[in-house]
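S.K.: this is the structure alone, sequence omitted:
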Ligand SMILES: Cc1ncc(COP(=O)(O)O)c(C=O)c1O
């Protein structure tokens with residue numbers, strides 16, 4: 001933070017100087033997610049059309065809480081939800097700032113529907129246990145099978161539960177079986193892999209239409225800047241139970257967040273600019289990248305590949321040698337995860353600009 005004030009400034013340096021100071025720091029001290037070697041996390045480089053419109057939205061300080069001051073944004077949100085919900089067999093929904101909130105919203109709705117507890121696999125995202133905690137609902141983690149999918153044999157009695165199935169686990173990118181479960185509420189956390197529904201890999205999410213609610217992070221595999229996610233519901237009136245009117249509101253406030261920005265505008269613009277085909281092509285390129293890197297790893301005796309990538313998430317480790325020191329050298333190219341108590345490298349092919357030959361060379365050089 002050299003060059004930045006340590007105390008709350010009394011006198012300002014002016015807009016131009018402050019902008020220059022902060023933009024230099026952002027550019028020099030943030031990972032370049034679109035670089036040729038970037039392949040570490042579920043954070044793609046945002047599309048230019050989306051990033052620019054986030055800036056324009058900010059200039060108008062759109063607030064989805066007050067539709068009378070954001071009439072265009074309100075109509076856009078309805079339209080985008082109408083476009084996306086049917087892909088998942090859902091009927092309505094709204095935007096929120098991330099799937100942590102989308103999952104909380106879904107489980108809140110499940111509790112209103114009578115769910116007594118929350119059940120999810122041990123590999124479900126931490127936001128599920130966190131939501132259960134906030135909602136005062138007991139949480140039970142079910143074992144995963146050898147592939148990392150929720151082990152249905154360990155599900156037990158879930159008649160009164162909200163069961164969360166994950167489509168694209170954070171550590172291994174696997175999709176739980178989405179076959180129906182006899183329970184109070186089925187929520188599918190499709191934060192990561194939901195957008196596969198737009199692609200030739202759509203069938204990997206078959207069964208998602210049995211869910212009562214689905215969460216998708218648009219700031220992950222729909223290449224939107226943060227904070228953009230969607231919670232979708234099967235029943236048209238599902239949002240009524242989580243809506244609150246107020247004397248100062250022209251329309252009830254739906255969901256957990258109060259004021260929120262117009263994240264639907266950049267997403268709709270992305271669809272208008274690229275078309276469904278264009279977006280699918282980006283995601284399919286990521287899938288091809290993951291396959292290509294997995295093949296290189298699988299063919300090299302120095303490495304162990306955990307499993308073929310199902311949703312562009314790869315896990316591998318060195319057969320001999322220190323994973324710690326190697327991962328330190330691969331920062332930005334690779335992240336990490338624990339599987340059965342052991343450290344594995346984790347890569348998420350979320351960057352359409354990635355150069356797999358260059359990434360492979362970096363991995364080999366780091367041994
Ligand atoms: C499976 C899964 N669910 C939920 C989340 C939380 O999403 P967000 O970071 O959008 O709050 C993540 C984040 O990585 C995730 O991988």
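M.R.: Happy to help now that I have it. Keep in mind it's a predicted model, so treat the numbers as computed, not measured. Numbering: from 1, shown residues only.

S.K.: only C-alpha atoms for contact and neighbour calcs from this point on.
M.R.: Noted.

S.K.: name the surrounding residues that touch the helix or strand harbouring residue 75.
M.R.: In this assignment (DSSP states H and E), residue 75 forms part of helix 71-84. Helix 71-84 is contacted from outside by 62, 64, 67, 91-95, 232, 262, 264-265, 267-268, using C-alpha atoms under 8 Å, 6 or more residues apart in numbering.

S.K.: swap in stretch 207-216?
M.R.: Against stretch 207-216 from outside (C-alpha under 8 Å, 6+ apart): 88-90, 99, 102-103, 106, 177-180, 185-195, 229-235.

S.K.: just the buried members of these?
M.R.: Neighbour counting by 16 or more other C-alpha atoms under 10 Å classes 88-90, 99, 102-103, 106, 177-178, 185-195, 229-234 among the contacts of stretch 207-216 as buried.

S.K.: would you mind listing what in the chain touches the ligand?
M.R.: Taking C-alpha under 6 Å from any ligand atom as the measure of proximity, the chain contacts the ligand at 98, 99, 100, 125, 168, 169, 170, 189, 191, 192, 217.

S.K.: these in helices, which ones?
M.R.: Of those, the ones assigned to helices by DSSP state H are 99, 100.

S.K.: could you report the pLDDT at the closest residue to residue 53 other than its chain neighbours?
M.R.: In this structure, residue 53 finds its nearest non-sequential neighbour in residue 266, 5.5 Å apart by C-alpha to C-alpha, 6 or more residues apart in numbering. Note on residue 266: pLDDT of 98.

S.K.: distance of residue 266 relative to the ligand?
M.R.: The spacing between residue 266 and the ligand, counted by C-alpha to the nearest ligand atom, to the nearest Å, is 16 Å.

S.K.: need the contact list for that residue.
M.R.: Per C-alpha under 8 Å, 6+ apart, neighbours of residue 266: 49, 50, 51, 53, 54, 224.

S.K.: helix or strand: which one has it?
M.R.: Per DSSP H and E: helix 264-298 holds residue 266.

S.K.: next secondary structure after that helix?
M.R.: Per DSSP H and E, the first helix or strand lying C-terminal to helix 264-298 is strand 303-305.

S.K.: tell me which other helices or strands that next one touches.
M.R.: Applying 3 or more C-alpha pairs under 8 Å, 6 or more residues apart in numbering; DSSP states H and E, one finds that strand 303-305 makes contact with helix 264-298, strand 313-318.

S.K.: tell me which of those sits most buried.
M.R.: strand 313-318 (a mean of 24; mean count of other C-alpha atoms under 10 Å).

S.K.: and the following helix or strand past it, average pLDDT?
M.R.: Sequence order places helix 323-329 as the next helix or strand after strand 313-318, per DSSP H and E. Helix 323-329 comes out with an average pLDDT of 85.

S.K.: quick check: residue 185 touching residue 161?
M.R.: Yes - counting by C-alpha atoms under 8 Å, residue 161 is a contact partner of residue 185 at 6.7 Å.

S.K.: anything in contact with each of these two?
M.R.: Counting by C-alpha under 8 Å, 6+ apart, the shared contacts of residue 185 and residue 161 are residue 115.

S.K.: now the closest residue to the ligand within the stretch 101-250 of the chain. Nearest residue, chain neighbours left out?
M.R.: Nearest residue of the stretch 101-250 of the chain to the ligand, counting by C-alpha to the nearest ligand atom: residue 170, 4.0 Å away. Computed as C-alpha to C-alpha, 6+ apart, the closest residue to residue 170 that is not its neighbour in sequence is residue 125, at 6.4 Å.

S.K.: do you know how far that neighbour is from residue 348?
M.R.: Per C-alpha to C-alpha, to the nearest Å, residue 125 is found 16 Å from residue 348.

S.K.: show me what stretch 308-316 is in contact with.
M.R.: For stretch 308-316, contacts defined as C-alpha under 8 Å, 6+ apart pick out 168, 171-175, 193, 286-287, 289-291, 294, 297, 303-307, 344-350.
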